[in-house]
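1. based on what follows, work out the 3D shape:
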Amino acid sequence: MSNYIMESFGLMPGGEIVDSCELTNKNGMQLCVINYGATITSLKMPLENGKIVDVVLGFETLEDYMESFNLESAPYLGATIGRFAGRIKDGVFSLNEKKNQLNKNNNNNSLHGGIASFSQKIWKIKNVKEGKNPSVTLSYFSPNNEENYPGDLTVELTYTLSYENELIIEYKANTTEDTIVNLTHHSYFNLDGHNSDILEQELIINSEKIVETTNENIPTGKFLNTADSSFDFSQPKKCPSKIDTTFVLEKENEFSASLFNKKNNLKMTVYTNQSGVHIYVGGNCFNKIKGKENVDYHALSGICFETQNFPDAPNHEHFPSSILRKGDLYHHKTIYKFQSF
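-> Numbers count the residues shown, from 1 in each chain. Below is the predicted model:
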């Protein structure tokens, strides 16, 4: 029995076909990905009681995904973010003593790669693997000067469902000239199902510092200690109703964050090789676009664990470098591991 299904998901305005690929592991965990934005549209988890829960927000149609970028605050449901996740102040960065002016799409800043980012591009489905750990590999070629980023960037992204119920996301990228890269994944998770809210779910973040930001969410360059603050999630706490914050990850080979839903005893643990995890609660579609199964997504519909470098990293010398040199390889690996008790 094949553990993947390829189907057409819709047509772009120019007539390009968008495909969907559905992977299933031997435990019945099921992932659906479309090659528009290399986007995860659903992630279904079988529970101990035999029920199945879809733990990510998504839309039913390609038109809805495209239209969502016109909302007053685009939700980027399940999308791949690039070339640079998070904000870049004034859309400006210097590289090799040359100033680069990016397209601005968030007040005066550049956010999540700019106006027509990786989230809205058609990716190529390169390979689908069956077996114990089924996977799909997608690729995208970003030409020199796309959104004013230097260098031809070639990105390869593999989604794998492991037999241990892990969603493994692995990115590789190389460039023809020095550039900056910061890729992430933007699923809104809800362990109670995508038609619920996250307020009763318990969050742990394995971090002792956050990136301080201005009221426009631009890093000041400082780090704040989380101890005894509202950002201290070293012990399980209910999900906050409002958060849009980068947590610094300094403990190598340890988990980055976890989410637990005591209603159905489902737990998700996040592991990454990145230096930060940006936590964001949201999903609001402002009653303009319906989610899957005709659900209205609101400001508390889901929580994002955007594993990545720090926002505005190119403009802060003491932040981890986001520069990808010609001839080098960008490698980012993140694991979302699910356990049903």
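2. which residues does the most centrally placed residue in the chain contact?
-> The residue at the geometric middle of the chain, judged as the C-alpha nearest the mean C-alpha position with Cα atoms, centre = their mean, is His185 (1.6 Å). The neighbourhood of His185, defined by Cβ atoms under 8 Å, 6 or more residues apart in numbering, consists of 40, 78-81, 169, 306-307, 334. Glycine gets a C-beta too; all of them are placed from N, C-alpha and C.
3. got it, and His316?
-> 219, 221, 310.
4. run a quick neighbour tally on the first one.
-> As a burial measure, Pro219 scores 21 neighbours (other Cβ atoms under 10 Å).
5. poorly predicted segments of this structure, please.
-> Along the chain, segments meeting pLDDT under 70 span 1-2.
6. recalculate using a threshold of 90.
-> 1-3, 48, 252 (pLDDT under 90).
7. in it, which spans are helices?
-> Counting by DSSP state H, the segments of the chain that form helices are 62-68.
8. give me phi/psi at Glu72?
-> With angles defined as degrees, to the nearest 10, Glu72 sits at phi -60, psi -30.
9. could you number the chain from 511 rather than 1 from now on?
-> Happy to do that; since the first residue is 511 now, the last one works out to Glu582.
10. quick check: it touching Phe796?
-> Yes: if you go by Cβ atoms under 8 Å, Glu582 and Phe796 touch, sitting 6.5 Å apart.
11. picking that back up, for the contacts of His695, which one is nearest Gln630?
-> Of all the contacts of His695, Gln630 sits closest to Ala589, with 8.2 Å by Cβ to Cβ.
12. I'd like the distance between the closest one and Ser697.
-> As judged by Cβ to Cβ, to the nearest Å, Ala589 and Ser697 stand 8 Å apart.
13. what does Glu582 give?
-> Distance of Glu582 to Ser697, computed by Cβ to Cβ: 21 Å.
14. do Glu657 as well
-> 23 Å.
15. who's more crowded, these two?
-> In terms of neighbours (other Cβ under 10 Å), Ser697 is the more surrounded of Glu657 and Ser697; the figures are 26 against 19.
16. tell me what Phe815 is bridged to.
-> Phe815 has these beta-bridge partners by DSSP bridges: Ile789.
17. show me the contacts for it.
-> 699, 766-767, 769, 780, 787-789, 846 are the contacts of Phe815 under Cβ under 8 Å, 6+ apart.
18. and those residues, which is closest to Ser751?
-> Nearest to Ser751 among the contacts of Phe815, with distances taken as Cβ to Cβ, is Ile789, at 12.6 Å.
19. ok, the closest one - contacts?
-> Contacts of Ile789 (Cβ under 8 Å, 6+ apart): 713, 715, 753-757, 767, 813-816.
20. ok, now Leu521?
-> 527-528, 572.
21. using TSV, please lay out these together with distance to Ser831.
-> Formatted as TSV, the contacts of Leu521 follow (distance: Cβ to Cβ, whole Å):
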residue	distance to Ser831
Ile527	39
Val528	35
Leu572	37
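22. nearest to Thr534 among these?
-> Nearest to Thr534 among these, with distances taken as Cβ to Cβ, is Val528, at 20.7 Å.
23. give me the neighbour count for the closest one.
-> 19.
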